[in-house]
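**Student:** Quick check, what structure comes out for this input:
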Amino acid sequence: MRTPQVEQAAGLPERVTVYEVGARDGLQNEATVVPATVKAELIRRLGAAGLPVVETTSFVNPAWVPQLADAAEVLALLGPEGTGRDRPVLVPNVRGLDRALESGCGAIAIFGSATETFAQRNLGRSIAESVAMFAPVVERALAADLWVRAYVSMCFGDPWEGDVAVGQVVDVARRLMDLGCHELSLGDTIGVATTGQVPALLDALDAAGIGREVVAVHFHDTYGQALANTFAALREGVATVDSSAGGLGGCPYAKSATGNLATEDLVWALHGAGVSTGIDLEALVATSTWLAERLGRPSPSRVVAALAAG
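**Tutor:** I've put the predicted structure just below:
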């Protein structure tokens, strides 16, 4: 298999942690339900390919996201390998946390919004009500020694509200991190971010006491800007990037949100720039090819398509 020619690029971290979201954020947007056995096998294969963190599933109300109604079954199939701190699950509320704890999870994520409209559409609550809902979740999770991540969606633009002010994002981020979360993921949910917005937001977060060392970025590729925006963040000192194997994903509540940044495209670019990830690109491509066969369509990843073509 062809590999990228390596030329060390200046201004990038020596190593980047790739936070894989395909099994959760990717599969939740599928039109048909993927069997639990396939999901568990996907997670195993991703781990074997060297992905250091794989978000496995979400303990949401099945009526909201029926594709993830089998969360407990998937974790039961995985056994202990699916419940460590490197296998987070998304939880929306205390009931979701209860189910995660019952399954033995060691890490969770909560999912907030930088805009009022999306907060209402995604969680049926205002931003303030959402934070109030998350507070006991994080408190109990920390008491149980769980690692906790906070997502903030619509950080760079919203399909209903348009442009999103940097200060608005910082305010929500600060409220979530004040709950005690360990990491903050900035979501470009509809893929409209530009490379100028990225440092501006990171600078504003830093001024509010949220340093780059606890920040991850999560870009969608709707406008083809995900990789460019990711590298803009890396050059600013961010070292954790969310991506999805095969470029799967979107958002069931924001129809303009297309796929996530493909993990293969990210890894190809990082390895070519001399950045270490610990990921076996060949094994990762084989995994996405395997999954595409089960989904019945080609992988959206450009790297997977190019390497499959020989």
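**Student:** Show me what the longest helix seen in the chain is packed against.
**Tutor:** Secondary structure of the chain per DSSP state H: the longest helix is helix 127-143. Counting contacts by 3 or more C-beta pairs under 8 Å, 6 or more residues apart in numbering; DSSP states H and E, helix 127-143 is packed against helix 94-102, strand 107-113, helix 116-123, strand 147-153, helix 166-177. The C-beta positions use only the backbone N, C-alpha and C, and glycine is treated the same way.
**Student:** I'd like to know which of those has the weakest mean confidence.
**Tutor:** Among the helices and strands packed on helix 127-143, helix 116-123 carries the lowest mean pLDDT, at a mean of 94.
**Student:** In contact with residue 68, which residues?
**Tutor:** Shown in contact with residue 68 (C-beta atoms under 8 Å, 6 or more residues apart in numbering): 24, 27, 28, 57, 58, 60, 62.
**Student:** wait, what's in contact with the first one?
**Tutor:** In this case it means residue 24. Per C-beta under 8 Å, 6+ apart, neighbours of residue 24: 55, 56, 57, 58, 68, 89, 90.
**Student:** Show me what the closest residue to the fifth one other than its chain neighbours is bridged to.
**Tutor:** When you say that, I think you mean residue 68. Among residues not flanking residue 68 along the chain, residue 58 sits closest, at 4.8 Å (C-beta to C-beta, 6 or more residues apart in numbering). Counting by DSSP bridges, residue 58 is bridged to residue 90.
**Student:** which residues touch residue 58?
**Tutor:** Residue 58 touches 24, 28, 65, 68, 71, 89, 90, 91, 92, 96, counting by C-beta under 8 Å, 6+ apart.
**Student:** what does residue 102 give?
**Tutor:** Counting by C-beta under 8 Å, 6+ apart, the residues that residue 102 touches are residue 72.
**Student:** Closest one of the contacts of residue 58 to residue 106?
**Tutor:** Checking the contacts of residue 58 against residue 106 by C-beta to C-beta gives residue 89 as the nearest, at 9.5 Å.
**Student:** That closest one contacts residue 59, correct?
**Tutor:** Yes. Here residue 89 lies in contact with residue 59, judged by C-beta atoms under 8 Å, at a distance of 6.0 Å.
**Student:** Give me the common contacts of these two.
**Tutor:** Common neighbours of residue 89 and residue 59 (criterion: C-beta under 8 Å, 6+ apart): 71, 100, 103.
**Student:** want to try JSON lines for these, with neighbour count and distance to residue 125 as columns?
**Tutor:** Listed next are the shared contacts of residue 89 and residue 59 as JSON lines, based on neighbours: other C-beta atoms under 10 Å; distance: C-beta to C-beta, whole Å:
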{"residue": "71", "neighbour count": "26", "distance to residue 125": "22"}
{"residue": "100", "neighbour count": "28", "distance to residue 125": "20"}
{"residue": "103", "neighbour count": "20", "distance to residue 125": "25"}
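**Student:** returning to that earlier point: please pick the buried ones from the contacts of residue 24.
**Tutor:** Burial by neighbour count, 16 or more other C-beta atoms under 10 Å: within those this picks out 55, 56, 57, 58, 68, 89, 90.
**Student:** Show me how far the longest helix of the chain is from its chain's centre.
**Tutor:** For helix 127-143, the separation from the chain centroid amounts to 20 Å (computed by C-alpha atoms, centre = their mean, to the nearest Å).
**Student:** Helix 166-177 and that one, what's the angle between them?
**Tutor:** Note on geometry: by axes from the mean of the first three to the mean of the last three C-alpha atoms, to 10 degrees, helix 127-143 and helix 166-177 are set 30 degrees apart in direction.
**Student:** May I have helix 127-143 exported as CSV, CA atoms only?
**Tutor:** Provided in CSV are the C-alpha atoms of helix 127-143 (Å, rounded to 0.1, in the frame of the first residue of the first chain):
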residue,chain,number,x,y,z
ILE,A,127,-28.5,26.6,27.0
ALA,A,128,-29.0,27.4,30.7
GLU,A,129,-31.4,24.5,31.2
SER,A,130,-28.9,22.2,29.4
VAL,A,131,-26.0,23.2,31.7
ALA,A,132,-28.3,22.7,34.7
MET,A,133,-29.1,19.2,33.4
PHE,A,134,-25.4,18.4,32.8
ALA,A,135,-24.3,19.6,36.3
PRO,A,136,-25.4,16.5,38.3
VAL,A,137,-24.2,14.2,35.5
VAL,A,138,-20.6,15.6,35.7
GLU,A,139,-20.7,15.7,39.5
ARG,A,140,-21.7,12.1,39.8
ALA,A,141,-19.3,11.0,37.0
LEU,A,142,-16.3,12.7,38.7
ALA,A,143,-17.3,11.2,42.0
